[in-house]
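1. Curious how this folds, go ahead:
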Amino acid sequence: MSESVSLSVAPAVVAGHGLLTDRKAVVTAAAGTGIGSATARRLLSEGADVVVSDWHERRLGETRAELSAEFPDRKVEAIVCDVCSTEQVDELVRGAAAALGRVDIFVNNAGLGGETPVVDMTDEQWDRVLDVTLNGTFRCTRAELAYFREAGHGGVVVNNASVLGWRAQYGQAHYAAAKAGVMALTRCSAVEAAELGVRINAVSPSIARHAFLDKVSSTELLDRLSEGEAFGRAAEPWEVAATIAMLASDYTTYLTGEIVSISSQRA
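-> The predicted model follows:
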């Protein structure tokens, strides 16, 4: 009889299997300790060359240096970009194509949260979360599809949504509305992108704990959300990143316009 496996304990990171050998990828909001940097690391481990992007120049440089040292046989470039700027987003796409020779995969990971009840929420709080999380994903998707239309070689876009696009949570109306918008944007743009040979899907994580999230959120809230998951724990960022890599790979060539829930709780 095989040994039992406890799903309440996060498994060791799974090694790469060459799913993305020789692909060229861009990951936004990739600096620091969260899903973005974990995704860049996973894509590199699967054989891709990667441009990491973020608005925070210092953390971005540190992330690039760390990934370059970890994957000396892969190309890792960094381009500073604020997804709230159309000009910077367009330059990111142009710069990444120039740096890598082409781009096959775009991962739109940038998002901004917060915790404020609607009755106390200011216009500025609402607008800021929507501008980064939804409008930023729109700006990136628009620039990426324009690139693919001109390049003519097809490709993949993976957006980072959230189960809050389906599920209600106190104080999260702005973030939930933005992520629901990302889901709708994913579905509609996927229909349009098909004629370009481009697939667009999204992941919808519940909670993936990392150092920065623990810094900006209360431990009590994160513990409660983690305990509510089927495995009694939060996801590791690499577990979300592995699903993103799968969606970017040839294992999902007939999948588009889908939102993949990385959670036991869809609603």
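2. Every contact and neighbour count from this point should use C-alpha atoms.
-> Will do.
3. For the protein, name the helix or strand with the lowest mean pLDDT.
-> helix 211-216 (a mean of 57; mean pLDDT, DSSP states H and E).
4. Surely Ala48 touches Arg74?
-> Yes - counting by C-alpha atoms under 8 Å, Ala48 does reach Arg74; the two are 7.2 Å apart.
5. And these two? Which one has more around it.
-> For the pair Ala48 and Arg74, the greater number of neighbours falls to Ala48 (25 against 17), based on other C-alpha atoms under 10 Å.
6. tell me the contacts of that one?
-> Neighbouring residues of Ala48 by C-alpha atoms under 8 Å, 6 or more residues apart in numbering: Leu20, Thr21, Asp22, Arg23, Lys24, Ala25, Arg74.
7. need those in JSON lines with distance to Tyr251, pLDDT and secondary structure, can you?
-> JSON lines is the format used below for the contacts of Ala48 (distance: C-alpha to C-alpha, whole Å; pLDDT from 0 to 100; DSSP: H, G, I helix; E, B strand; the rest coil):
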{"residue": "Leu20", "distance to Tyr251": "10", "pLDDT": "98", "secondary structure": "coil"}
{"residue": "Thr21", "distance to Tyr251": "13", "pLDDT": "98", "secondary structure": "coil"}
{"residue": "Asp22", "distance to Tyr251": "16", "pLDDT": "97", "secondary structure": "coil"}
{"residue": "Arg23", "distance to Tyr251": "14", "pLDDT": "98", "secondary structure": "coil"}
{"residue": "Lys24", "distance to Tyr251": "17", "pLDDT": "98", "secondary structure": "strand"}
{"residue": "Ala25", "distance to Tyr251": "17", "pLDDT": "98", "secondary structure": "strand"}
{"residue": "Arg74", "distance to Tyr251": "22", "pLDDT": "98", "secondary structure": "coil"}
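8. I only care about those residues that end up buried; give me the ChimeraX line for that.
-> In ChimeraX, a selection of the buried entries from the contacts of Ala48 looks like this (16 or more other C-alpha atoms under 10 Å):
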select :20,23,24,25,74
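9. count of neighbours near Asp127?
-> Asp127: 14 neighbours (other C-alpha under 10 Å).
10. element containing it?
-> Taking DSSP states H and E as the definition, one finds Asp127 inside helix 123-130.
11. What of Ser53?
-> Ser53 belongs to strand 49-54 when assigned by DSSP H and E.
12. Sheet-wise, list the partners of that strand with their directions.
-> Strand pairing for strand 49-54, using DSSP bridges, gives strand 24-27 (parallel), strand 76-80 (parallel).
13. what element comes up after the longest one heading to the C-terminus?
-> Using DSSP H and E, the helix or strand that follows strand 76-80 towards the C-terminus is helix 86-100.
14. what sits up against the next helix-or-strand element following that next one?
-> Using DSSP H and E, the helix or strand that follows helix 86-100 in sequence is strand 105-108. The contact list for strand 105-108 (C-alpha under 8 Å, 6+ apart) reads 23-29, 137, 140-141, 144, 155-160, 248.
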